[in-house]
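>>> coords please:
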Amino acid sequence: MRDQIAHLIEMADHPAVTLQVLPFKVGAHSAGGPFTILRFSEPDLPDVAYLEHLTSALYFDKKSEVDRYLLAMERLSILAAKPNHTAGILTAIIDELEEEL
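Below is the predicted model of the structure:
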C-alpha cells in the first residue's frame, strides 16, 4: 500500500493529472461507486462514463448519462481537498503507516 500511495504522490505532480482526496467524513457520493470519465482528444469522439464491476464493465456514451456523471464528478471535486493539498495528505498517510510498523 505504501508503494501505491507513493506512486499517487508522484502522479499528483503530472501536468495531465488532477488528483484530489475525498475524506471519509464526506460519506458516500452521489454516483454510488467508482467511475471514470473518459475524454478523447478527437473532437468527434464523445465523452464516455466508465464503470467497472467485479465481472464486467459498463460504458455510457449518451450525453444525458455522461452529463450525470460529469455533475457527480464536479460535486466530488468541490467536496474533496484541493489538488495542491493532495501530496501532503498522502504523505501524512504514509507517515501513519510507517508509525504503525
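
>>> outside of stretch 77-95 itself, list whatever touches it.
Applying Cβ atoms under 8 Å, 6 or more residues apart in numbering, the external contacts of stretch 77-95 come out as 2, 5-6, 8-9, 12-13, 18-23, 26, 29. Where C-beta positions appear, they are placed from N, C-alpha and C, glycine not excepted.

>>> figure out how far it is from the centre of its chain.
Chain-centre distance of stretch 77-95: 12 Å, with Cα atoms, centre = their mean, to the nearest Å.

>>> now do the helices in the chain.
Remark: helices assigned in the chain by DSSP state H are 2-12, 63-79, 86-100.

>>> next, format the ones you listed as CSV and append mean neighbour count, distance to Val48 and mean pLDDT.
Below are these laid out as CSV (neighbours: other Cβ atoms under 10 Å; distance: least, Cβ to Cβ, whole Å; pLDDT from 0 to 100):
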stretch, mean neighbour count, distance to Val48, mean pLDDT
helix 2-12, 13, 22, 95
helix 63-79, 14, 7, 94
helix 86-100, 13, 25, 92
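
>>> want to throw the ones you listed into CSV with distance to Phe40?
Shown next, in CSV, are the helices of the chain (distance: least, Cβ to Cβ, whole Å):
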stretch, distance to Phe40
helix 2-12, 20
helix 63-79, 12
helix 86-100, 25
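
>>> nearest to Met73, of the contacts of stretch 77-95?
His29 (9.4 Å; Cβ to Cβ).

>>> that closest one and Ser56: what is the separation?
Going from His29 to Ser56 by Cβ to Cβ, to the nearest Å gives 22 Å.

>>> Met73 too?
Taken as Cβ to Cβ, the span from Met73 to Ser56 is 22 Å.
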